[in-house]
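A.B. asks: Next come a sequence and a model predicted from it.
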Amino acid sequence: MKLSHNRAVLLMIAVALMWSTAGVITRQLESARSFEVTFWRSAFTVLSLLVILPYFQGRQVFRQIRQGTVAFWISGVCWSVMFTAFMVALTLTSVANVLVTMSIGPLLTALMARIFIGHRIPPRTWVAIVVAGGGIVYMYAAQMADASLVSTLVTLMVPLAGAVNWTVTQHSHAQGHDVDLVPAVLVGAVISVAMTLPLAFPFQATGHDLALLAVLGLGQLAIPCVLSVICARVLKAPEISLLQLLEVIFGILLAWLGAHEVPTNSVLIGGAVVISALVVNELIGWKNRGMKT
C-alpha cells in the first residue's frame, strides 16, 4: 500500500481514533472483568492477525516468526505486557488516567535509550521529561485518595514496556538486524492469551461482551497496528509521535460522551501539562531538524 503524505496523515488520525475506542467500549461490558477482558481481546487479536498478516506480507511471515532473533522475541514479550497491562489498567482506574500516563512513553523511551544504548538527550527533551513528570505527579497526587498504588503501577507498565520495546528495536537496527514489529505484535498477543487464560476463569462474558471484545481485537488493535506500520513508512518520527497524542484526546472525549466518565480537574490540568510538554518538545525537534537539512 503506497500512500501520499497527506493520506498517511489522515490514516494515522484514523488509527489514533481506532486506538482510542478501548476505554469507551470496555465501559459497555456487562459481565467480563479484568483478566478475562484481556484474554478475549488478545484472543480476537490473534485470530485477526492470522488472517491480516498473510494477506499483507505473505505466508513467509510465519517463517520470520520461527527465525526470530532475541530482539524479536523481547519485542513480542513487551507487546504482551502492553496488551495485558493496558486492559487491566482500564478496569482499575479511569480512561483519562490510563491514556495520559501512557502518553509519556516517548519521553521514557528517550531516557531509557540514553541509559542503555548511549543516545544523547537534547536539553529540550530533559525539560519535557521534568515538566511531563510534574504533570503526572500532580494528576495522581491530587486524587491519591481515589487512585490506588496498584492501578498506578499497572498503568506505568504500559509506557515502560513500550520504552523497552523501542530501545531494543533501535539497538537491533543499529547492529544491522531490523525487527519486524508487525509479526512481533502477533507474538505478543499469543503470549498475552497464554498468560491471562488461567487468570480469566471462570468465564463470565456474555454474548454482548464477546461481540464488543471481538471489535476491540480486530478494530482497536489488529487493524490499527498494521496501518500504523504502513504510515510509519511515509511519516517522520515526530509526525507519528504528535499524531499518536490524538489517542489521548479522542479517548478521553469518547469516554466522556459514550460512558459519562467525566475527567477530574486534576486529570485535565495534569494531562494538559503532559501533552503540552510532548508537543513543544516534538515541534522544536522537528524545527531543528528542518533547519539542518
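C.D. replies: Perfect, I can see it now. Note that the structure is predicted; figures quoted are calculated from it, not measured. Numbers count the residues shown, from 1 in each chain.
A.B. asks: Helices of the stretch 101-250 of the chain, start to end?
C.D. replies: 105-117, 123-141, 149-174, 181-200, 207-215, 223-232, 237-244, 246-259 (DSSP state H, counting those that start in this stretch).
A.B. asks: Ok, which of the ones you listed comes nearest Thr93?
C.D. replies: Closest to Thr93 of the helices of the stretch 101-250 of the chain is helix 149-174 (Cβ to Cβ; 4.0 Å). Heads up, the C-betas are built off the backbone N, CA and C, glycines and all.
A.B. asks: what comes up buried for the closest one?
C.D. replies: For helix 149-174, burial by neighbour count (16 or more other Cβ atoms under 10 Å) applies to 151-152, 154-172.
A.B. asks: Repeat that for stretch 113-122.
C.D. replies: So, applying 16+ other Cβ under 10 Å, buried residues of stretch 113-122: 113, 119.
A.B. asks: What lies in contact with that stretch?
C.D. replies: Residues external to stretch 113-122 that are found in contact with it (Cβ atoms under 8 Å, 6 or more residues apart in numbering): 110-111, 129, 166-167, 170-171, 174, 285.
A.B. asks: Neighbours of the closest residue to Ala8 other than its chain neighbours, how many?
C.D. replies: Spatially, and ignoring its direct neighbours in sequence, Ala8 is nearest to Val234 (3.9 Å; Cβ to Cβ, 6 or more residues apart in numbering). Val234 sits with 19 neighbouring residues when counted by other Cβ atoms under 10 Å.
A.B. asks: Quick one: mean pLDDT over stretch 234-246.
C.D. replies: The average pLDDT for stretch 234-246 rounds to 76.
A.B. asks: Which residues belonging to stretch 225-235 are considered buried?
C.D. replies: Applying 16+ other Cβ under 10 Å to stretch 225-235 flags 225-228, 230-231, 234-235 as buried.
A.B. asks: which two from the residues you listed end up farthest apart in space?
C.D. replies: Farthest pair in those, by Cβ to Cβ: Cys225 and Val234, 16.3 Å.
A.B. asks: Lowest-scoring secondary structure element of this structure by mean pLDDT?
C.D. replies: Least confident element among the helices and strands of the chain, by mean pLDDT, DSSP states H and E: helix 237-244 (a mean of 74).
A.B. asks: Next, the angle helix 105-117 makes with it.
C.D. replies: Interaxial angle of helix 237-244 relative to helix 105-117 (axes from the mean of the first three to the mean of the last three Cα atoms, to 10 degrees): 140 degrees.
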